[in-house]
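Engineer: For reference, the sequence and a predicted model appear below.
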Amino acid sequence: MCPLDNFKNSALNRAAQAGKAPVFAYLLDKHNDPAQRNTSDASCIDIARDCKDPTVLPELQQLLRKRGFNLACLSEGPGDPVDVEVGKASMSSRAAMLKQTEEAESMIEKMYCLRWTLMWLVSVSFVAFQYILDLRAVLWQEWPQIAALFELGVVASLALFYHLFRSDPGKVKPSTDPSTNIEALLRGIRLGKDVPCTRLCTTTWVLKGLRTKYCKETHACIEEFDHYCDFFANPIGRNNHRAFYVICWVEVSTQYLHLLSCFLVARSTIPLSDVFQIFSWGYKVATSYPLMCLTMWLHGFGLPFMLYMLLMQSVGIGYNVTQNEIANWRRYEHLWEPGTGHRKAPIFRNCFCKGSFFRNVLDFWWHGSRRECGPGCPEGIIKIALMLKEAGAK
């Protein structure tokens, strides 16, 4: 319900009185009722009729007509009979129209969130179509091993894509009783423990562990949050990080095999006799296989990106750091320790490192304790981690 002033004027009535036509649409979007009457029994139409600016009334009437309002129900002027039943029908149609608009906006927002997912699926479909049209027959005849590996890679990519799209990344259920986590945090502060208040999520009221982060796209706290992947419309966290790393390898391998297949088929069907004729040979390939050249151009954009992603994930796994920590390393106090001696600047230290590259990799694939502090972790960080764990932090 929109607030009214002492004379029962709504914001729309006041705007009509002041002649502020540009804000009419905004106020109607905010559900200001144009049928609201003030203490003088005047609606926004009646007030606009008395406005000094002659353009205010026509603009308001035109806007109300577009939105399905019956002007006869909104005015008490001469020649404008007020029909209550017609007014109720008009308001119900207005409510139905608003509901349809909200549903359409919600659908548009969902489609916008899935834009990269749809682009990935279209690209894979296009590559598969080009493979069947130009490459498959020649590859199975001349290089059956490459054909089998490529087709297996495509199937594996689609299976992993579906898994990552539907999987739970490690969402922490919102707290049903926020006071419990608040009391646990205050208890630690009363005991003199250096507990960071930022560990309490004020949106879900979840007490977060050192590697749990709130994801604004999914409106949930994610355990061992790495990053939000637009292609899968899903965060990458504790439960699906391994599958994400596998699909990075599968994608790089499959794209490389497709590029190799395109080159082999082109060399097989259009021989290159002299290396100095590479440009004329490329022109013949482009005119003979236009779809092949287009897919190779797409790989030119996609393959470097996937190689970079694979490299960053490998580094993160080897050093036991997440992509979120790499991007926001200055934000997290537990990744820093005070300087000593003449060096007063804080020193970066990864408190989650398990001691060596091999142990970090083993921890990622086998132990699954990446959120636990490592052997070189400062004592203060260990105390904070233990306190959060005792308080039920995830």
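Structural biologist: Great, that's in hand. This is a predicted model, so every value here is computed, not measured.
Engineer: residues near residue 233, how many?
Structural biologist: 18 (other Cβ atoms under 10 Å). All C-beta spots, glycine's among them, are computed from the backbone N, C-alpha and C.
Engineer: Identify the residues contacting it.
Structural biologist: Residues counted as contacts of residue 233 (Cβ atoms under 8 Å, 6 or more residues apart in numbering) are 113-114, 116-117, 165.
Engineer: One more pass at 6 Å, please.
Structural biologist: Going by Cβ atoms under 6 Å, 6 or more residues apart in numbering, residue 233 touches 113-114, 117.
Engineer: from these, which single one is nearest residue 149?
Structural biologist: Distance to residue 149 across the contacts of residue 233 (Cβ to Cβ) is lowest for residue 117, with 25.6 Å.
Engineer: any chance you could map the helices in the stretch 1-150 of the chain?
Structural biologist: 11-18, 24-29, 44-49, 56-66, 84-113, 115-130, 136-142, 144-166 (DSSP state H, counting those that start in this stretch).
Engineer: do the same with the stretch 151-300 of the chain
Structural biologist: 178-190, 241-269, 278-288, 290-319.
Engineer: Out of those helices, the one nearest residue 389 is which?
Structural biologist: Closest to residue 389 of the helices of the stretch 151-300 of the chain, according to Cβ to Cβ: helix 178-190, at 11.1 Å.
Engineer: quick one: average confidence on that closest one?
Structural biologist: The average pLDDT for helix 178-190 rounds to 73.
Engineer: Buried residues of it, list them for me.
Structural biologist: 178, 181, 184-185, 188 (16 or more other Cβ atoms under 10 Å).
Engineer: do stretch 143-155 as well
Structural biologist: Burial within stretch 143-155, assessed by neighbour count using 16+ other Cβ under 10 Å, is assigned to 143, 146-147, 149-151, 153-154.
Engineer: ok so, going back, please point out the stretch among the helices of the stretch 1-150 of the chain with the lowest average pLDDT.
Structural biologist: Looking at those, the bottom one is helix 84-113 with a mean of 64.
Engineer: Report the central residue of this protein.
Structural biologist: For the chain, residue 217 is the residue whose C-alpha lies nearest the centre (Cα atoms, centre = their mean; 4.4 Å).
Engineer: how near is that one to residue 44?
Structural biologist: 40 Å (Cβ to Cβ, to the nearest Å).
Engineer: ditto for residue 362
Structural biologist: Relative to residue 44, and taking Cβ to Cβ, residue 362 is found at 70 Å.
Engineer: More neighbours: which of those two?
Structural biologist: Just comparing residue 362 and residue 44: by other Cβ under 10 Å the higher neighbour count belongs to residue 44, 32 against 12.
Engineer: for the stretch 201-350 of the chain, which spans come out with low pLDDT?
Structural biologist: 338-344 (pLDDT under 70).
Engineer: Give me the neighbour count for residue 284.
Structural biologist: Using other Cβ under 10 Å, residue 284 has 15 other residues around it.
Engineer: so what's it closest to, chain neighbours aside?
Structural biologist: residue 270 (5.2 Å; Cβ to Cβ, 6 or more residues apart in numbering).
Engineer: Mind listing what's buried along stretch 281-298?
Structural biologist: So for stretch 281-298, counting by 16+ other Cβ under 10 Å, buried means 281, 285, 289, 291-293, 295-296, 298.
Engineer: could you dump the residues you listed to TSV with distance to residue 321?
Structural biologist: Converted to TSV, those look like this (distance: Cβ to Cβ, whole Å):
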residue	distance to residue 321
281	46
285	44
289	44
291	41
292	40
293	40
295	35
296	35
298	31
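Engineer: Thanks a lot, catch you later.
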